[in-house]
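# Kindly generate the corresponding structure for this input.
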Amino acid sequence: MAGAQPSLQDVMSALGVISGRLTSVENKLQCLDKMDQRTAVLEKDMKTLWLALEDSVKRVDERVSKLQYSAEGADIASAHVSSRIDDLERERDSLRKDLTYMKSQSMRNNLIFTGVPEVESESPDTTESILRKHLTDALKIARETVASIKFERVHRSPGEHTRGKARSIIAKFAFFKDKESVRSEWKQFTGTNYNVFEQFPSEVVAKRRKLLPKMKEARSNGKRSMISYDTLYVDGRPVGD
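Numbers count the residues shown, from 1 in each chain. Sure, this is the predicted structure:
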C-alpha cells in the first residue's frame, strides 16, 4: 500500500542488513588495523636494517681508510726498505772490492808458470827445484841469480796430476823485486809452449779477460796499450770497461 508505514519486521530486516554491513566494515577496519600494525613492524624492521646497513657501510669506510693509511705507510716503509737495500748493496760492493784488493795484495808477489813438465808424486821441494831449473833453462836467467831468489812457497795448481798434462806452477816470491825481475823476462817464452803471468783474484781475471780484445784492437790500430791490474791503458790513459 502506497504511503504505508514500514512494519516492525521491515525495520528489523533493515537493521539486520545495516548490522551486517557494520560488522563487515568492522572486520575490514580490523584488517586495516592489522595491516597498519604489520606496516609499523615492517617499517621498524626496515629502519633496523637500514641502520645496520649504515653501520656496516661506516665500518667498511673506516676499514678502507685504515687500509689506505696502511698502504701509504707501506709505501713509505717500502721506500725506506728500498733505500736501505741500496745502502746495503753499495756496502756489499764496497766490501767485495776491499776483499778483492786484499786478495790481490796477498797475490802481489805471485807468478804462475804454465807448460812446465810435472813428475809423478811431485813434492813441493821437487816442484821448487823444477822451477829453478826452468828459470835458468827457459828464461835464461843466470844460475847464481836463480839460486839467490827466495820463495815463500812453490806448488802446483790444485787438482790431480794427469799423465801427459802438466799443472801450472804457482810461485810466491819472498821479494817483489825478484818477482818483477823474473816476470820481465817473459819474452824468452816467445815461440815456446811456456808462459808466465801474474796471479790475480778471479774477479780481476774476469775483468782482464773482457779487456783483452780491446787491448788487441788498440794495438792493431798502432796505439800503445796495456792492462794493469783490472784497468786498460791506451796511450797512457785509462779506458773504461
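# Any stretches of the protein with poor pLDDT?
1-8, 10-11, 14-15, 25, 28-29, 31-85, 88, 240-241 (pLDDT under 70).
# how close does the residue nearest to residue 239 when sequence neighbours are not counted get to residue 90?
Beyond its immediate neighbours in the sequence, the residue positioned closest to residue 239 (CB to CB, 6 or more residues apart in numbering) is residue 232, lying 4.6 Å away. Quick note: C-beta positions are derived from backbone N, CA and C, even for glycine. As judged by CB to CB, to the nearest Å, residue 232 and residue 90 stand 25 Å apart.
# the more surrounded of the two?
residue 232 (21 against 10; other CB atoms under 10 Å).
# Just the buried residues of the one helix or strand the more buried one maps to, please?
Assigned by DSSP states H and E, residue 232 belongs to strand 231-234. Across strand 231-234, burial judged by 16 or more other CB atoms under 10 Å covers 232-234.
# which is the next helix or strand following that strand?
strand 237-239.
# For that following strand, name the packing helices and strands.
strand 231-234 (3 or more CB pairs under 8 Å, 6 or more residues apart in numbering; DSSP states H and E).
# what about residue 111, helix or strand, and which?
Using DSSP H and E, the element containing residue 111 is strand 110-114.
# Residue 121 now?
Using DSSP H and E, residue 121 falls within no helix or strand.
# got it, and residue 181?
For residue 181, the element it lies in under DSSP H and E is helix 176-183.
# in its sheet, what does the strand holding residue 111 sit against?
Note on strand 110-114: by DSSP bridges, its sheet partners are strand 169-173 (antiparallel), strand 195-198 (antiparallel).
# so of the ones you listed, which one's packed in deepest?
strand 169-173 (a mean of 21; mean count of other CB atoms under 10 Å).
# re earlier: so what touches the helix holding residue 181?
If you take CB atoms under 8 Å, 6 or more residues apart in numbering as the criterion, helix 176-183 is touched by 108-111, 135, 139, 141, 145, 149-150, 173, 196, 198.
# Mind doing that once more with 7 Å?
For helix 176-183, contacts defined as CB atoms under 7 Å, 6 or more residues apart in numbering pick out 108-109, 111, 135, 139, 141, 149, 173, 196, 198.
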